[in-house]
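[1] generate a structure from the sequence data that follows.
(2 chains, ligands or ions: 2)
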Amino acid sequence: MKLTTVKFLIGQALVSIKRNGMMSLASTGTVAISMFVLGTFLLLALNANLVADTIESNVEIAVLLDADATPEEINSTYEDIVALDGVLEVTHIPKEEALDRLSRQFGEEHDLLQALGGVNPLPDSFIVKVENPRMVGEVAEVLSRFNYVDKVRYGKGLVEKLFSILDWVRWLGTAVVVLLSLAAVFLIAITIRLTVFARREEITIMKYVGATNWFIRWPFFLEGLFLGTLGSLLATAALYYSYSYLVGYVAASISFIPLITDREFLLQVLLCLLAGGAVLGAVGSAISVRRFLKV
Amino acid sequence: MIHLYNVTKEYPNGVVALKNVTVNINKGEFVFLVGPSGAGKSTFIRLIFREELPTSGQVIIAGKSIARLRPSKVAVLRRNIGVVFQDFRLLPDRTVFENVAFAMRVLQYSQREIDQRVPEVLHLVGLTSKAGNYPYQLSGGEQQRTAIARAIVNNPKILVADEPTGNLDPETSWEIMHLLYEINKRGTTLIVATHDQKIVDAMKRRVIALDRGRLVRDDQEGGYGL
Ligand SMILES: Nc1ncnc2c1ncn2[C@@H]1O[C@H](COP(=O)(O)OP(=O)(O)OP(=O)(O)O)[C@@H](O)[C@H]1O
Ligand SMILES: [Mg+2]
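    Numbering: from 1, shown residues only, chains lettered A, B, ... in the order given. Ligands and ions are numbered 1, 2, ... in the order given. All right, here's what the predicted structure looks like:
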């Protein structure tokens, strides 16, 4: 490709953006709005996922040991549980600590131990976290058959219900994002088709004077790339600032909700949106031109 | 230069626009294509610059059958064929100069070559003073001159014109026809579809007459006929 040609093609793209002012504005706006809406819901879905993950990772199993287990037996059980597949973390809670916790719940003024006649009825216990919260039932089942294990509690029934709700949240998030992506692609493709359609005369004339197809396509490709990038840049900038503001607000007022604050991850997500808009614009216009090249 | 062998063109809707037409046109000829409306003149022209393909038969240009050209070769073919239409088909948002230069840019000529060649052609068609005008600032004749300048700026060997004077008054029509004749004298093969009886009769050039898709007459120094 000659330098004159490169200059001409880029110039051609810029000039046509200027000439087709309204159309350029419309496509940029369409890309910006679609990407903003998509991005909003993407961040929403990602945060919902994070909340779901956090809730899931808080699921744990309480393993109550036989009240008469000796320290050696407790120790060997501890080792066995730690060695068990799928177990992430085991915390030992000696019976004294368990009683402490319980008394604290009753209030400082009561001396629970004395009320119980000086005998601590609570057994030693372990708090077990599992690698995959979905396996909590299975792991609990295995643990219940261990020696010296009296009872295993993990909120049976409740946990399963919780998981199905979380599944539903994740699924809904994904579905909404996929649908919105399709809507964005559709909207952007239509707008670009319109801008190309507005210039079918020009394309036909180019064909008549012997322009090759790629020569006709390039300016459209560049134009689409430019408008797509510009539109999604606006969208991502708006998303970035509004999200940062929102995160600050939520952190200050409803701090128990975990939000994605990892700047690097956020930038990656926004970068994906940006690239998506750019590619959509470029490929969309290159494809739309094709229809008019068959002269 | 241009050979049509037993060409039949049937459009997808079933209309047979040309039927078994065989024509030879030599290099440097000036040919009028006449016939009543719907005779197939535009179809004939479209076949030559390959806007349409024949349903059967062969269209051979400069020794090559154009039926199975790849898209890039179609582009090359069209660089050797200038086209002029009744409705000018100029880009409304570009000046006369840019409309003509457009055809050169498409073929990747340098700015220097463009700056040299375009004024030459504008001079030839008599539009030197209108180089900076936009199409809406031009008369019909001037618009057609611009279109002709664009069609010949790359020195095509063939120029086809479909009713180039169809939208013009008789006097302007004559000017345009003279211009085409000038271009023909410089060696370009010309094919002009027209309804302009007076011009055809006066110019005494070869006349190919079509009627309902059939070739009905081919006179070397013909008139428009009845
Ligand atoms: N793209 C097309 N699709 C279907 N039919 C067509 C098409 N173009 C032309 N025709 C038909 O083919 C026949 C010949 O048309 P053509 O345009 O070649 O005639 P013409 O001689 O140029 O007429 P005119 O003098 O009115 O311009 C007509 O019956 C027309 O309706
Ligand atoms: Mg016609």
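[2] rest of the way, CA atoms for contacts and neighbours
    Fine.
[3] separation between the residue of chain B found nearest chain A and ligand 1?
    Using Cα to the nearest Cα, the single residue of chain B nearest to chain A is B:Ala75, 4.2 Å away. Applying Cα to the nearest ligand atom, to the nearest Å, the value for B:Ala75 to ligand 1 is 21 Å.
[4] next one: A:Ile17
    Distance from A:Ile17 to ligand 1, by Cα to the nearest ligand atom: 32 Å.
[5] can you tell me which residues contact that residue?
    Counting by Cα atoms under 8 Å, 6 or more residues apart in numbering or on different chains, A:Ile17 makes contact with A:24, A:223.
[6] now the closest residue to A:Gln12 other than its chain neighbours: which helix or strand?
    Of all residues not flanking A:Gln12 in the chain, A:Pro219 sits nearest, at 6.1 Å (Cα to Cα, 6 or more residues apart in numbering or on different chains). Per DSSP states H and E: A:Pro219 is located in helix A:213-253.
[7] for B:Pro119, same thing?
    Assigned by DSSP H and E, B:Pro119 belongs to helix B:111-124.
[8] the residue most central in space within chain B in helix, strand or coil?
    Centroid-nearest residue in chain B, with Cα atoms, centre = their mean: B:Val160, separated by 1.8 Å. Under DSSP: H, G, I helix; E, B strand; the rest coil, the three-state class of B:Val160 is strand.
[9] flag every buried residue along stretch B:106-114.
    B:106-110, B:114 (16 or more other Cα atoms under 10 Å in any protein chain shown).
[10] strands of chain B, residue ranges please.
    B:2-10, B:16-25, B:30-34, B:56-61, B:64-65, B:81-85, B:158-162, B:189-193, B:206-211, B:214-219 (DSSP state E).
[11] with the stretch 101-250 of chain A instead?
    Assigned by DSSP state E, counting those that start in this stretch, the stretch 101-250 of chain A shows strands spanning A:125-130, A:149-153.
[12] save those as JSON lines, and put in distance to ligand 1 and mean neighbour count too.
    Output for the strands of the stretch 101-250 of chain A, formatted as JSON lines (distance: least, Cα to the nearest ligand atom, whole Å; neighbours: other Cα atoms under 10 Å in any protein chain shown):
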{"stretch": "strand A:125-130", "distance to ligand 1": "72", "mean neighbour count": "22"}
{"stretch": "strand A:149-153", "distance to ligand 1": "79", "mean neighbour count": "18"}
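[13] so which bits of chain A are right by ligand 1?
    Taking Cα under 6 Å from any ligand atom, no part of chain A reaches ligand 1.
[14] distance of whatever residue of the stretch 101-250 of chain A ends up closest to chain B from B:Ser110?
    Of all residues in the stretch 101-250 of chain A, A:Gly210 sits closest to chain B, at 4.2 Å by Cα to the nearest Cα. Computed as Cα to Cα, to the nearest Å, the A:Gly210 to B:Ser110 distance reads 17 Å.
[15] between the buried residues of stretch B:106-114, which is nearest ligand 1?
    Among those, B:Val106 lies closest to ligand 1 (Cα to the nearest ligand atom), at 26.4 Å.
[16] thought the closest one was touching A:Lys207?
    No: using Cα atoms under 8 Å, B:Val106 makes no contact with A:Lys207, being 9.3 Å away.
[17] any idea how far A:Thr40 lies from A:Ser34?
    When A:Thr40 is compared with A:Ser34 (using Cα to Cα), they lie 10 Å apart.
[18] looking at these two, which is more packed in?
    Between A:Thr40 and A:Ser34, counted using other Cα atoms under 10 Å in any protein chain shown, A:Ser34 has the larger neighbour count: 24 against 19.
[19] what's the helix or strand for the more buried one?
    According to DSSP H and E, A:Ser34 maps onto helix A:21-57.
[20] chain center to stretch B:159-167, what's the gap?
    6 Å (Cα atoms, centre = their mean, to the nearest Å).
[21] distance between the ends of that stretch?
    19 Å.
[22] what of stretch B:213-225?
    OK, stretch B:213-225 end separation, Cα to Cα: 17 Å.
[23] average model confidence for it?
    For stretch B:213-225, mean pLDDT is 84.
[24] what about B:Gln220, neighbour count?
    With other Cα under 10 Å as criterion, B:Gln220 counts 13.
[25] wait, doesn't it sit right on B:Ala209?
    No: if you go by Cα under 8 Å, B:Gln220 and B:Ala209 don't touch, sitting 11.5 Å apart.
[26] around ligand 1, pick out the residues from chain B.
    By Cα under 6 Å from any ligand atom, the residues of chain B that approach ligand 1 are B:11, B:13, B:15, B:17, B:36-43.
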